[in-house]
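Asks: Got a predicted model here, sequence first, then my questions.
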Amino acid sequence: MEMPPKSPDESEKSPQSKELITSDTGSTLCMSSRSESMWTSTSRSKWDIYHKPVIVVSVGAAIFLFGVVITSLSCFLPKNKDVYKMCGPAFLSLGLMLLVCGLVWIPIIRKKQKQRQKSQFLQSLKSFFFNR
(Lines give C-alpha, C1' and ligand atoms only; values in the text may rest on other atoms or scores of the structure.)
Protein backbone atom coordinates (compact mmCIF):
# COMPACT_ATOMS: atom_id res chain seq x y z
CA MET A 1 0.00 0.00 0.00
CA GLU A 2 1.08 3.49 -0.76
CA MET A 3 1.43 6.05 1.92
CA PRO A 4 -0.28 9.38 1.18
CA PRO A 5 2.20 12.25 0.94
CA LYS A 6 2.71 14.13 4.14
CA SER A 7 1.29 17.60 4.34
CA PRO A 8 4.07 20.05 5.06
CA ASP A 9 3.91 21.79 8.37
CA GLU A 10 5.02 25.37 9.03
CA SER A 11 8.74 24.55 9.21
CA GLU A 12 8.83 22.62 5.93
CA LYS A 13 7.17 25.25 3.72
CA SER A 14 9.16 26.56 0.81
CA PRO A 15 10.56 30.10 1.02
CA GLN A 16 8.30 31.15 -1.84
CA SER A 17 5.14 30.15 -0.02
CA LYS A 18 6.32 31.97 3.12
CA GLU A 19 6.97 35.06 1.02
CA LEU A 20 3.50 34.87 -0.51
CA ILE A 21 1.88 34.59 2.88
CA THR A 22 3.80 37.42 4.52
CA SER A 23 3.98 39.87 1.61
CA ASP A 24 1.93 43.04 1.72
CA THR A 25 -0.20 42.65 -1.41
CA GLY A 26 -1.71 46.12 -1.40
CA SER A 27 1.59 47.95 -1.53
CA THR A 28 3.02 45.68 -4.23
CA LEU A 29 -0.03 46.21 -6.41
CA CYS A 30 0.29 49.97 -6.15
CA MET A 31 3.97 49.89 -6.95
CA SER A 32 3.62 47.61 -9.97
CA SER A 33 0.57 49.26 -11.51
CA ARG A 34 0.76 51.01 -14.86
CA SER A 35 -0.42 54.29 -13.41
CA GLU A 36 2.47 54.59 -11.00
CA SER A 37 2.72 58.33 -11.61
CA MET A 38 -0.72 58.74 -10.07
CA TRP A 39 0.59 57.44 -6.75
CA THR A 40 3.69 59.60 -6.76
CA SER A 41 3.67 63.36 -6.63
CA THR A 42 6.65 63.94 -8.95
CA SER A 43 5.89 66.42 -11.70
CA ARG A 44 6.72 65.38 -15.23
CA SER A 45 7.87 67.64 -18.02
CA LYS A 46 5.61 68.44 -20.96
CA TRP A 47 7.79 66.30 -23.24
CA ASP A 48 7.31 63.29 -20.93
CA ILE A 49 3.56 63.79 -21.10
CA TYR A 50 3.11 64.61 -24.79
CA HIS A 51 5.97 62.79 -26.55
CA LYS A 52 3.88 59.91 -27.91
CA PRO A 53 1.17 62.03 -29.59
CA VAL A 54 3.80 64.44 -30.93
CA ILE A 55 5.66 61.53 -32.51
CA VAL A 56 2.43 60.15 -34.00
CA VAL A 57 1.53 63.58 -35.43
CA SER A 58 5.02 64.02 -36.88
CA VAL A 59 5.07 60.59 -38.51
CA GLY A 60 1.54 61.11 -39.82
CA ALA A 61 2.44 64.46 -41.34
CA ALA A 62 5.56 62.99 -42.97
CA ILE A 63 3.61 60.07 -44.46
CA PHE A 64 0.87 62.45 -45.62
CA LEU A 65 3.43 64.69 -47.38
CA PHE A 66 5.05 61.63 -48.95
CA GLY A 67 1.62 60.63 -50.25
CA VAL A 68 1.15 64.12 -51.73
CA VAL A 69 4.50 63.82 -53.53
CA ILE A 70 3.74 60.32 -54.84
CA THR A 71 0.28 61.38 -56.02
CA SER A 72 1.67 64.46 -57.76
CA LEU A 73 4.29 62.28 -59.49
CA SER A 74 1.47 60.42 -61.21
CA CYS A 75 0.50 63.71 -62.88
CA PHE A 76 4.00 64.61 -64.07
CA LEU A 77 5.66 61.28 -64.87
CA PRO A 78 3.93 59.05 -67.44
CA LYS A 79 6.18 56.10 -66.59
CA ASN A 80 4.79 53.91 -63.74
CA LYS A 81 1.66 56.05 -63.59
CA ASP A 82 -0.49 53.17 -62.28
CA VAL A 83 1.90 52.50 -59.39
CA TYR A 84 1.86 56.14 -58.35
CA LYS A 85 -1.93 56.26 -58.57
CA MET A 86 -2.22 53.22 -56.30
CA CYS A 87 0.46 54.07 -53.73
CA GLY A 88 -0.17 57.82 -53.47
CA PRO A 89 -3.70 57.65 -52.04
CA ALA A 90 -2.68 54.81 -49.72
CA PHE A 91 0.05 56.98 -48.18
CA LEU A 92 -2.31 59.95 -48.10
CA SER A 93 -4.94 58.05 -46.14
CA LEU A 94 -2.44 56.41 -43.77
CA GLY A 95 -0.75 59.74 -43.04
CA LEU A 96 -4.06 61.50 -42.52
CA MET A 97 -5.22 58.76 -40.17
CA LEU A 98 -2.09 59.03 -38.02
CA LEU A 99 -2.24 62.82 -38.08
CA VAL A 100 -5.84 62.90 -36.87
CA CYS A 101 -5.23 60.23 -34.20
CA GLY A 102 -2.32 62.21 -32.78
CA LEU A 103 -4.27 65.48 -32.85
CA VAL A 104 -7.20 63.87 -31.01
CA TRP A 105 -4.88 62.23 -28.49
CA ILE A 106 -3.54 65.59 -27.21
CA PRO A 107 -6.87 66.92 -25.80
CA ILE A 108 -7.52 63.53 -24.22
CA ILE A 109 -4.22 63.75 -22.35
CA ARG A 110 -5.01 67.32 -21.26
CA LYS A 111 -8.38 66.21 -19.89
CA LYS A 112 -6.76 63.34 -17.98
CA GLN A 113 -4.16 65.71 -16.53
CA LYS A 114 -6.90 68.04 -15.25
CA GLN A 115 -8.80 65.11 -13.72
CA ARG A 116 -5.62 63.86 -12.06
CA GLN A 117 -4.92 67.31 -10.59
CA LYS A 118 -8.47 67.50 -9.22
CA SER A 119 -8.15 64.00 -7.80
CA GLN A 120 -4.85 64.82 -6.08
CA PHE A 121 -6.35 68.01 -4.65
CA LEU A 122 -9.35 66.13 -3.29
CA GLN A 123 -7.10 63.43 -1.83
CA SER A 124 -5.02 66.05 -0.04
CA LEU A 125 -8.17 67.68 1.34
CA LYS A 126 -9.49 64.33 2.50
CA SER A 127 -6.22 63.44 4.20
CA PHE A 128 -6.10 66.89 5.85
CA PHE A 129 -9.55 66.59 7.39
CA PHE A 130 -9.67 62.89 8.25
CA ASN A 131 -6.13 62.41 9.58
CA ARG A 132 -6.50 64.70 12.57
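Replies: It's in.

Asks: ok, now which ones touch residue 70?
Replies: By CB atoms under 8 Å, 6 or more residues apart in numbering, residue 70 lies in contact with 84, 87-88, 91. To be clear about C-beta, it is placed using only N, CA and C from the backbone, and glycine gets the same treatment.

Asks: out of those, who's nearest residue 46?
Replies: For the contacts of residue 70, the residue nearest residue 46 by CB to CB is residue 91; the value is 30.2 Å.

Asks: That closest one reaches residue 66, doesn't it?
Replies: Yes - taking CB atoms under 8 Å as the definition, residue 91 is a contact partner of residue 66 at 5.3 Å.

Asks: Mind checking which of the two has more residues around it?
Replies: residue 91 (19 against 16; other CB atoms under 10 Å).

Asks: ok, for the more buried one, nearest residue in space, not its chain neighbours?
Replies: Leaving aside its sequence neighbours, residue 91 sits nearest to residue 67 (CB to CB, 6 or more residues apart in numbering; 3.1 Å).

Asks: The one you found: neighbour count?
Replies: So residue 67, with other CB under 10 Å, has 20 neighbours.

Asks: which helix of this structure spans the most residues?
Replies: helix 81-130 (DSSP state H).

Asks: Report the mean confidence score over that helix.
Replies: For helix 81-130, the mean pLDDT works out to 89.
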